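Chemist: no FASTA, just this:
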Ligand code: CP
Ligand code: NVA
């Protein structure tokens, strides 16, 4: 049992047991949703705050809808419209908000700010993306992969692009815990943070997962079941744009790259995508792409997660 099961800052905060239970709840809620039972009262009017320092379409809307469909209420707060934007300390904000709210979902620039938040609250806190990780994205993506292939163990997932990307970092950690084969093809200097890689390798010994970081994109994608990419320039990295486009130019997912993967391979992207940069229009709109089903599952899996946390 984890020490603080209600704090989810990293994909490392999900144990295998949590993931299995969340997936079971998700499957049940999703099928009930498809049979017309869209509203299930689990949150019983609990009020969950969303504090966002950066833009969001999927995370914000899927969480707000998830909360409402589970019988709760949400309050969206832009960081800069709170006193946080004028420099009120995080620790003061956290101690006030925990007296009003039943939970917080936060999207921040600096991961350390979330850690600071977590030190001062006892209500659930969920990372809705930081510069270091995007754990709820990874959770949802493994559900999508599981739904598609009926298993996770032994599947080869090739992440092509910025190997230090927040989404990839969470896919890496969770993949190592779930026993997948996770390959990262990236340019020199864009490898995952060393501490996350060390952590992933620690889990590999227990779960039989395989983790490979390479500069050889063809080797990474060869016979892959899933080809995944994310933007080369993440939110907050706009000042590095030119350099990143140049450095990562050889790591684009295009038709040629997709043709090296298995015949029934799927293409995934957390979105938003930059067509012509990390992926071509042909691939994202093509027959292998499952990005819309992937985005839809953010709603169902987050309902599963909330139902699990507030059960
Ligand atoms: N994938 C994802 O988190 O998208 P948003 O930035 O739109 O929330
Ligand atoms: N890596 C991207 C993910 C967006 C969902 C970013 O941080 O901008």
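Modeler: Perfect, thanks for sending it. Computed from a predicted structure; not experimentally measured. Residues are numbered from 1 along each chain as shown. Ligands and ions are numbered 1, 2, ... in the order given.
Chemist: quick one: buried residues of the helix or strand hosting residue 112?
Modeler: For residue 112, the host element (DSSP states H and E) is helix 111-119. Within helix 111-119, the residues scored as buried using 16 or more other Cβ atoms under 10 Å are 111, 113-118. Every C-beta, even on glycine, is put in place using the N, C-alpha and C of the backbone.
Chemist: quick one: is it near ligand 2?
Modeler: No: contact of helix 111-119 with ligand 2 (Cβ under 6 Å from any ligand atom) is absent, the minimum separation being 11.4 Å.
Chemist: quick one: the residue most central in space within the chain from ligand 2, how far?
Modeler: Per Cα atoms, centre = their mean, the C-alpha nearest to the average position across the chain is that of residue 137, at 2.0 Å. Taking Cβ to the nearest ligand atom, to the nearest Å as the measure, residue 137 falls 7 Å from ligand 2.
Chemist: OK, contacts around that residue?
Modeler: Residue 137 is in contact with 59, 129, 167, 170, 270, 298, counting by Cβ atoms under 8 Å, 6 or more residues apart in numbering.
Chemist: could you redo the last one with a cut-off of 7 Å?
Modeler: For residue 137, the contacting residues are 167, 170, 270, by Cβ atoms under 7 Å, 6 or more residues apart in numbering.
Chemist: May I ask which of these has the most neighbours?
Modeler: residue 170 (29 neighbours; other Cβ atoms under 10 Å).
Chemist: What residues does that residue make contact with?
Modeler: So residue 170 contacts 11, 133-135, 137-138 (Cβ under 7 Å, 6+ apart).
Chemist: Cross these against helices and list the overlap.
Modeler: 135, 137-138 (DSSP state H).
Chemist: Share the number of residues neighbouring residue 218, please.
Modeler: Neighbours of residue 218 (other Cβ under 10 Å): 11.
Chemist: What of residue 160?
Modeler: A count of nearby residues for residue 160, using other Cβ under 10 Å, gives 27.
Chemist: Look up how far residue 28 lies from residue 35.
Modeler: Separation of residue 35 from residue 28 (Cβ to Cβ, to the nearest Å) stands at 11 Å.
Chemist: Turn the buried ones among the contacts of residue 170 into a named PyMOL selection, would you?
Modeler: Buried residues within the contacts of residue 170, by 16+ other Cβ under 10 Å, are selected in PyMOL with:
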select buried, resi 11+133+134+135+137+138
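Chemist: if we can go back for a sec, of residue 35 and residue 28, which one has the most company?
Modeler: residue 28 (15 against 8).
Chemist: Show me what the strand or helix carrying that one is packed up against.
Modeler: For residue 28, the element it lies in under DSSP H and E is helix 16-34. Helix 16-34 sits against helix 135-149, helix 166-178, helix 291-309, with contacts defined as 3 or more Cβ pairs under 7 Å, 6 or more residues apart in numbering; DSSP states H and E.
Chemist: so which of these gets nearest ligand 1?
Modeler: helix 135-149 (5.5 Å; Cβ to the nearest ligand atom).
Chemist: quick check, distance from that closest one to the centre of its chain.
Modeler: On the basis of Cα atoms, centre = their mean, to the nearest Å, helix 135-149 sits 9 Å off its chain's mean C-alpha point.
Chemist: Next, the angle from it to helix 291-309.
Modeler: Using axes from the mean of the first three to the mean of the last three Cα atoms, to 10 degrees, the direction of helix 135-149 lies 120 degrees away from that of helix 291-309.
Chemist: Give me the phi and psi angles of residue 183.
Modeler: phi -100, psi 140 (degrees, to the nearest 10).
Chemist: Now do the nearest residue to it once chain neighbours are set aside, the pLDDT please.
Modeler: Ranked by Cβ to Cβ, 6 or more residues apart in numbering and with sequence neighbours excluded, the top spatial neighbour of residue 183 is residue 220, at 4.1 Å. For residue 220, the pLDDT comes out at 98.
Chemist: where's the residue in the stretch 151-300 of the chain that ligand 1 sits nearest to relative to residue 193, distance?
Modeler: Per Cβ to the nearest ligand atom, residue 270 is where the stretch 151-300 of the chain lies closest to ligand 1, at 3.9 Å. Separation of residue 270 from residue 193 (Cβ to Cβ): 18 Å.
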